[in-house]
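Undergrad: Here you go, sequence then predicted model.
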Amino acid sequence: MNGIEIRASFPGGEEASEAQRKLQMLRIGDLNGSEDGKAFTATVGADMADRAIHLIRQTGGIAEMKS
């Protein structure tokens, strides 16, 4: 899948898990978590990038987009 990679980091693992669950509900399946559970990367289509970033920020995370 060609897409946009979003790197997300959170103050705690609970917030990261919540964001991952919500992204999965949006059918964003390409999620890779970090070992500490406080960060992940997601590859999304261009049409979903803004929505995914908003969701990450809404759950307390910081999002960095890389195309």
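TA: Done, it's in.

Undergrad: show me where the chain has strands.
TA: Using DSSP state E, the strands of the chain run over residues 4-9, 31-33, 39-44, 62-66.

Undergrad: In CSV, list these along with distance to I53 and mean pLDDT.
TA: To be clear about C-beta, it is placed using only N, CA and C from the backbone, and glycine gets the same treatment. Formatted as CSV, the strands of the chain follow (distance: least, CB to CB, whole Å; pLDDT from 0 to 100):
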stretch, distance to I53, mean pLDDT
strand 4-9, 6, 94
strand 31-33, 14, 90
strand 39-44, 9, 94
strand 62-66, 5, 92
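
Undergrad: Tabulate those strands (a markdown table), appending mean neighbour count and distance to A16.
TA: As requested, the strands of the chain are arranged in a markdown table below (neighbours: other CB atoms under 10 Å; distance: least, CB to CB, whole Å):
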| stretch | mean neighbour count | distance to A16 |
| --- | --- | --- |
| strand 4-9 | 20 | 7 |
| strand 31-33 | 15 | 7 |
| strand 39-44 | 20 | 6 |
| strand 62-66 | 13 | 11 |
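
Undergrad: okay, these in CSV with distance to L23 next?
TA: Shown next, in CSV, are the strands of the chain (distance: least, CB to CB, whole Å):
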stretch, distance to L23
strand 4-9, 9
strand 31-33, 6
strand 39-44, 6
strand 62-66, 11
